[in-house]
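Q: Mind looking at a prediction? Sequence and model below.
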Amino acid sequence: MKYKEWIDEWMELYVQTSCKRRTYERYEQVARNYVLPVLGNCELKDITANIVQKFINGLQNAKSDKTGFLLSSNYIRTIVNVVQNSLKIAYLNGCIEKCINERIVKPKVTEKQIKCFSISEQQSIEKAVENDDRCKMKGIIICLYTGLRIGELLALTWSDIDFEKRILNVSKTCYDGKIDGKRIRIIDTPKTPCSQRQIPLSKNIVSILKSMRRTSKSEYIIADGTKPVFMRSYQRSFELLLKKNSIEHKGFHSLRHTFATRALECGMDVKSLSEILGHKNAIITLNRYSHSMWEHKVEMMDKICKTLQ
């Protein structure tokens, strides 16, 4: 059996039935674009640790077909997972005699540096949104003050907001997909079970949401008239807003990082922040935003000194 034949079988029997649709589509994409062109024609039984290691080492210099840039650490990790998971199941099913995964050295993963907007940049973004006639752009402010992921924002409906109790309920996410070549919006459960959460809303955000609702023609909070908004389209609108106002582009997810950084700077405890962000535990929050916490610690130390002088 060729490895490409096994990959098809593995995807259908094991991945499609146990993973979220988005994960399946991501695995299918990396298999098609990166794994099969190199390993696809190998006989499954002939694949050795050396063959796989050479393939993995080569990923360090591989470039994305879309962007032309080097593959991200996360993307390389996904490619390695596809190879290792498929070979593990092949071994458990008796398709190969040995499991070679233990002899494969995974590439070192360099965590991305967290990028957030400075206070002055945040103020410029808020002013730019305020001066923008498009109601949908107010979603940027909502993210800055709630830490929502873009998919969670675009999946929000008016029924997710309890205006009286000032609570935002996160119960779903969305992403762009394709069926028969046609672009569609796919609504799914959030990233993890912990991502299903309630976020308390400030009076300012409630006021913004109420003003949006008065003119809304859609069940979705972020919409173009009656139509919901595609993720890539909204990301592009954000990029153009930053460019128009001469603000350095740092990616839409930086709005979430900015919220977390401001929250720590204001003295929010890590457990509360972790729950608002939908992290599995506070350790994840601590590790991800340790840079912000260090700056906060220095500030607190200075305050202690001032009180004793």
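A: Perfect, I can see it now.
Q: Which parts of the stretch 51-200 of the chain are strands?
A: Remark: strands assigned in the stretch 51-200 of the chain by DSSP state E, counting those that start in this stretch are 161-162, 167-170, 173-179, 182-188, 197-200.
Q: Now do stretch 47-65: distance to the chain's middle.
A: Its chain's C-alpha centre and that of stretch 47-65 lie 25 Å apart, by C-alpha atoms, centre = their mean, to the nearest Å.
Q: got the buried residues for that stretch?
A: For stretch 47-65, a neighbour-count test (16 or more other C-beta atoms under 10 Å) marks Ile47, Ala49, Val52, Phe55, Ile56, Leu59, Ala62 as buried. Quick note: C-beta positions are derived from backbone N, CA and C, even for glycine.
Q: repeat for stretch 261-274
A: Quick answer for stretch 261-274 (16+ other C-beta under 10 Å): Thr261, Arg262, Ala263, Leu264, Val270, Leu273, Ser274.
Q: circling back to that earlier point, closest to Ile79 out of the strands of the stretch 51-200 of the chain?
A: Counting by C-beta to C-beta, Ile79 lies closest to strand 173-179 out of the strands of the stretch 51-200 of the chain; the figure is 19.8 Å.
Q: how many degrees apart are that closest one and strand 182-188 in direction?
A: Angle between the axes of strand 173-179 and strand 182-188 is 150 degrees (criterion: axes from the mean of the first three to the mean of the last three C-alpha atoms, to 10 degrees).
Q: what's the domain layout of the protein?
A: According to automatic domain parsing, the chain comprises the domains 3-103, 119-301.
Q: how long is the last one end to end?
A: Same thing as domain 119-301. 22 Å (C-alpha to C-alpha, to the nearest Å).
Q: and if you look at the first one?
A: Distance between the two ends of domain 3-103: 19 Å, counting by C-alpha to C-alpha.
Q: residues contacting Lys138?
A: Lys138 makes contact with Val129, Ile208, Met212 under the criterion C-beta atoms under 8 Å, 6 or more residues apart in numbering.
Q: Other residues contacting the helix or strand in which the last one is found?
A: For Met212, the element it lies in under DSSP states H and E is helix 203-215. The set of residues that contact helix 203-215 without belonging to it, under C-beta under 8 Å, 6+ apart, is Cys135, Lys138, Ile141, Ile142, Tyr145, Thr146, Trp158, Ile161, Phe163, Arg166, Leu201, Ile221.
Q: picking up where we left off before, from the buried residues of stretch 261-274, which is closest to Glu25?
A: So of these, ranked by how close each gets to Glu25 (C-beta to C-beta), first place is Ser274, at 28.8 Å.
Q: That closest one contacts Thr285, correct?
A: Yes. Ser274 lies in contact with Thr285 (C-beta atoms under 8 Å); the separation is 4.2 Å.
Q: After the helix holding Met212, which helix or strand is next?
A: Past helix 203-215, the next helix or strand by DSSP H and E is strand 223-224.
Q: how about Leu273, secondary structure?
A: Secondary structure assignment for Leu273 (DSSP: H, G, I helix; E, B strand; the rest coil): helix.
Q: give the contact list for it.
A: Leu273 sits next to Ala260, Ala263, Leu264, Thr285 when contact means C-beta under 8 Å, 6+ apart.
Q: follow-up on the earlier one: with distance to Gln113 added, can I get the domains of the chain in CSV?
A: What follows is these, written out as CSV (distance: least, C-beta to C-beta, whole Å):
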stretch, distance to Gln113
domain 3-103, 12
domain 119-301, 8
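Q: tally of neighbours for Glu28?
A: 16 (other C-beta atoms under 10 Å).
Q: Quick check: which element contains it?
A: Per DSSP H and E, Glu28 falls inside helix 21-30.
Q: Tell me the confidence at Ile104?
A: Listed pLDDT for Ile104 reads 90.
Q: dump the residue contacts of it.
A: By C-beta under 8 Å, 6+ apart, the neighbours of Ile104 are Ala49, Val52, Gln53, Ile56, Val80, Gln84.
Q: separation between the first one and Gly225?
A: The reference is to Ala49. Taking C-beta to C-beta, to the nearest Å as the measure, Ala49 falls 56 Å from Gly225.
Q: Ok, the second one next?
A: With the distance defined as C-beta to C-beta, Val52 ends up 51 Å from Gly225.
Q: Ok, the last one next?
A: Per C-beta to C-beta, Gln84 is found 46 Å from Gly225.
Q: Of those two, which one has the most company?
A: Shown here are Gln84 and Gly225; by other C-beta under 10 Å, Gln84 has more neighbours (18 against 9).
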